[in-house]
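[1] can't give you the sequence, but here's the structure:
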Ligand SMILES: [Zn+2]
């Protein structure tokens, strides 16, 4: 008896429900029919990926697990006004589901799941096999305009210098690889084993070469044959060309009058990601003996960030002229995830449980909001010399934290280099809240600030608090940056996002599970995403070995 727990990043309930109703996700439909379904509330105040995954995997809230954003203020013992990457080992304070299972003698295996490897690259003894690459990116994706025919240029990827030569309008030599346009994406094997994918495409009559990012995988665990099989797969692609697409390096987007080439190249880059995760998943499920197998897929998040706003008629980002083409690309990407789920369903027996989760959903973005610009205008903060660094932490009394996780914080004098006494901190915070509370979005005519809360989501005590999380109205995405002209609003930096959980139902994650005792066709409605951990533990409770005749219990 095993539990297969698949996590699709950012698979919003509204997206999955719509795709299932259109018949585009047969594996999800089959899983729902065989078991139960739900819409799962992500954590608040912040529902970026790390807090949302931490809630899913620990079954606890950010107040307990401590992962409050993609960057965690003061995490890992750094300055309170600085930040730590959330996936750093040790930042999550609560044990994961698999830690609890490990204590009860059960074994686990992982495909690209965070917080499994420790700081030295080792995994706990209960891990049969784990593969992970996201902590070791060797190169970001890139796009190059090609020289004229016959000319040579030098291209840098992952620290390697490669000679690029156009042989004819359809063929280019890149280092050791001869690449034809018709061939699509091809692996470019570099001397140190790092293998990005490269592809040739044309924008307005000019050839361009794109390469994906490159990552160095690590594999570890007690099951040496499975670890060896995963290692032999090698060369996974961790993300597509979303940033290059957004910034116009694949040619104009449809929204700027492009002919769809940029979207086609972006979509095809996501297929590279899907392909490598499909291979890794197949190797894992064929070879594993673990009780729990956790598989993470990233591409549903990337496609959503770039395209979902256009598809949602309730969003300010909605584009009726683009919606159907954008939706078919979203559907294409989700279908690749569905195919991987189908491979898991094919392997699972009636004694096994299959769980499909997402960490959070996704909602369109209408505008970017710069809280620090409003604080600078009010004389409460000073911009950093670097316009991308937010407010100057040595000269500001109160600032929107550069971690960008929703936290508004006073620069207290007990912080190194701080400015405001503890006695005065609540008054300064109160002034900042008044300033931000007066900001009205020019398009909606509504105040941007809906509430200020503590990390548990409770109203803050204005008599004693020196920090607060902002809960913002509608589709407003905050940024700690300070624009040079002190603009308080700017155009959306993303098409869709999931940063501050303001209760928007589009941020609900999808959830479905089938297995012994879960019934057939049930709909749980809206649940808390922290409850999924209990379901996984309950399904495995009877699997725990009972050494020396004692009963072993697995539970939260
Ligand atoms: Zn996510």
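    Looks like it came in fine. Computed from a prediction, not measured in an experiment: that's the story for all the values here.

[2] would you list every one of the helices in the stretch 251-400 of the chain?
    Taking DSSP state H, counting those that start in this stretch as the test, the helices found in the stretch 251-400 of the chain are 261-287, 299-311, 323-347, 371-377.

[3] again with the chain
    13-21, 26-34, 49-58, 62-65, 97-103, 224-233, 242-246, 261-287, 299-311, 323-347, 371-377, 425-437, 531-540 (DSSP state H).

[4] may I see these arranged in TSV, with mean neighbour count and distance to residue 3 as well?
    (Each C-beta comes from the backbone N, C-alpha and C, glycine too.) Putting the helices of the chain into TSV (neighbours: other CB atoms under 10 Å; distance: least, CB to CB, whole Å) gives the following:
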stretch	mean neighbour count	distance to residue 3
helix 13-21	20	20
helix 26-34	20	13
helix 49-58	28	13
helix 62-65	20	21
helix 97-103	21	9
helix 224-233	16	17
helix 242-246	20	31
helix 261-287	21	12
helix 299-311	26	21
helix 323-347	19	11
helix 371-377	24	42
helix 425-437	19	44
helix 531-540	21	5
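
[5] with respect to the ion, which of those lies nearest?
    For the ion, the closest of the helices of the chain is helix 49-58, at 3.2 Å, according to CB to the ion.

[6] got the contact list for residue 473?
    441, 444, 446-450, 502 (CB atoms under 8 Å, 6 or more residues apart in numbering).

[7] out of these, which touch the ion?
    Residues shared between the contacts of residue 473 and the neighbourhood of the ion: none [CB under 5 Å from the ion].

[8] how about the nearest residue to the closest residue to the ion within the stretch 401-550 of the chain, chain neighbours excluded?
    The nearest approach of the stretch 401-550 of the chain to the ion comes at residue 498, 6.8 Å away (CB to the ion). In space, and not counting its chain neighbours, residue 498 is closest to residue 360: 4.7 Å by CB to CB, 6 or more residues apart in numbering.

[9] before we move on, back to that, between the helices of the stretch 251-400 of the chain, which gets nearest to residue 34?
    Residue 34 lies closest to helix 323-347 among the helices of the stretch 251-400 of the chain, at 8.4 Å (CB to CB).

[10] quick one: the closest one to chain centroid distance?
    Distance of helix 323-347 from its chain centroid, counting by CA atoms, centre = their mean, to the nearest Å, is 17 Å.

[11] between that helix and helix 26-34, how many degrees?
    60 degrees (axes from the mean of the first three to the mean of the last three CA atoms, to 10 degrees).

[12] you'd agree the residue nearest to residue 498 is up against residue 10?
    Yes: counting by CB atoms under 8 Å, residue 10 is a contact partner of residue 360 at 6.2 Å.

[13] overlap of the contact sets of those two?
    49, 498.

[14] distance of residue 167 from residue 161?
    19 Å (CB to CB, to the nearest Å).

[15] of these two, who's got more company?
    Taking neighbours as other CB atoms under 10 Å, residue 167 and residue 161 compare with residue 167 leading, 13 against 9.

[16] what sits against that one?
    149, 173, 178.

[17] which residues of the chain lie near the ion?
    Counting by CB under 5 Å from the ion, the residues of the chain near the ion are 9-10, 49, 301, 359.

[18] the residue in the stretch 351-500 of the chain positioned nearest to the ion - how many residues pack around it?
    Relative to the ion, the nearest point of the stretch 351-500 of the chain is residue 359 (4.3 Å; CB to the ion). Using other CB under 10 Å, residue 359 is surrounded by 28 other residues.

[19] how close does it get to residue 545?
    31 Å.

[20] min pLDDT across the contacts of residue 473, which one?
    When the contacts of residue 473 are compared by pLDDT, residue 444 scores lowest at 89.

[21] quick check: closest non-adjacent residue to that one.
    residue 474 (6.2 Å).

[22] quick one on the thing from earlier: PyMOL command for the buried members of the contacts of residue 473?
    Filtering the contacts of residue 473 down to the buried ones (16 or more other CB atoms under 10 Å) takes a single PyMOL command:
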select buried, resi 441+448+449+450+502
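
[23] in strands, which of the contacts of residue 473 appear?
    Among the contacts of residue 473, the ones falling in strands (DSSP state E) are 449-450.

[24] residue 220 against residue 227, yeah?
    Yes: assessed by CB under 8 Å, residue 220 is found in contact with residue 227 at 6.6 Å.

[25] which residues do these two both contact?
    residue 129.

[26] what are the pairing partners of the strand ranked longest in the chain, and which direction each?
    Longest strand in the chain, counting residues (DSSP E): strand 160-168. The pairing partners recorded for strand 160-168 under DSSP bridges are strand 152-157 (antiparallel), strand 171-174 (antiparallel).

[27] tell me who's in contact with residue 482.
    So residue 482 contacts 370, 372-373, 376, 383-384, 387, 390-391 (CB under 8 Å, 6+ apart).
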